[in-house]
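# here is a sequence together with a model predicted from it:
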Amino acid sequence: MQVNIEDGGIRRRSVLFSLGGGAAVVAGLTVIPGLANADEAAVTEAIKGMVGDVPDESGVALDLPEIAENGNTVPLSFTVDAPMGEDLYVKDVMVMADGNPSPDVAVFHFTPMSGVAAGSTRMRLAGTQNVVAVARLSDGTALMGSKQVKVTIGGCGG
Amino acid sequence: MATIRPRVKAPKKAAAGEIIEIKTLINHDMESGQRKDKDGNPIPRQIIHKFTAEFNGTEFFSVDLAPAISANPYLSFNAKVDESGEFTFRWFDDDGSVYEDTKSIEVT
């Protein structure tokens, strides 16, 4: 943030703004430990367990709403940009959500007879979070995609 | 829970080698295990944890479902059909039940 020292008014506003931002951050931190939810680390671990290392974000197109009003049924579609031949095909696609009580959402298993590595379902999201999909090809290549979904009403009912 | 009835929408006819889309839906609460009843006791998890799709006896697609899948789970996926035959779809419940549906397709 740029602070204009010569102009008292702007400076004061800037300081107030930064104080407000700080308060929001503190509030955010105090909320997080209360929820026994998964986090990015759990998702990273799951990805490493599946494909060995976290791949670059490419190759998996995720179709998700930017804002989901109802976290109980969030539509999800994905398409993996990879061939589905007898020699090389997409074997598995693992979908995870990093802010749910457990990061697992679903694992799709494909064969060359699937024609295309695509699928859709509806999932529950406990709150605003990132949805990650990792694809593993038959030769071990890994592809990934992720998208943030803002959730108005959480879908894990308590 | 009402009687569980799987529903599948798949084309009845296709050209050889065509990639068709199959849509499935089954009514099921997908009790996540996260909820509590009004006395505060956790409601045990009961979900459909696996779905499989076979064509002429060969499994070509399956999904492992977690409690994060919504109630009345919907799944859509594709299949490349080279010959006429029958699809068999199965849903596996945590309580051991297996729900099944079949659809036949004519390939020309």
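Right, received. Where do you want to start? Numbers count the residues shown, from 1 in each chain, chains lettered A, B, ... in the order given.
# tell me, how many residues neighbour residue 50?
I went with chain A, as the question did not name one. Around residue A:50 sit 15 other residues, with neighbours defined as other Cβ atoms under 10 Å in any protein chain shown. All C-beta atoms are positioned from the backbone trio N, CA, C, and that covers glycine.
# wait, I meant chain B there
By other Cβ under 10 Å, the residues close to residue B:50 number 16.
# show the pLDDT at it.
Listed pLDDT for residue B:50 reads 97.
# residue B:92 is in contact with that one, correct?
Yes: using Cβ atoms under 8 Å, residue B:50 makes contact with residue B:92 at a distance of 4.1 Å.
# name the residues contacting each of these two.
Counting by Cβ atoms under 8 Å, 6 or more residues apart in numbering or on different chains, residue B:50 and residue B:92 have no shared contacts at all.
# same question for the lengthiest strand in chain A: list its buried residues.
If you go by DSSP state E, chain A has its longest strand at strand A:142-153. Judged by neighbour count (16 or more other Cβ atoms under 10 Å in any protein chain shown), strand A:142-153 contains these buried residues: A:142, A:143, A:144, A:145, A:146, A:147, A:149, A:151.
# list the contacts for the last one?
Residues in contact with residue A:151, defined by Cβ under 8 Å, 6+ apart, are A:67, A:68, A:71, A:74, A:125, A:126, A:127, A:128, A:129.
# show the end-to-end separation of stretch B:66-86, please.
Distance across stretch B:66-86, first residue to last, is 28 Å (Cα to Cα, to the nearest Å).
# and the end-to-end length of stretch B:12-30?
Start-to-end, stretch B:12-30 (Cα to Cα) is 30 Å.
# now swap in stretch B:26-46 and tell me
So stretch B:26-46: terminal residues 14 Å apart, Cα to Cα.
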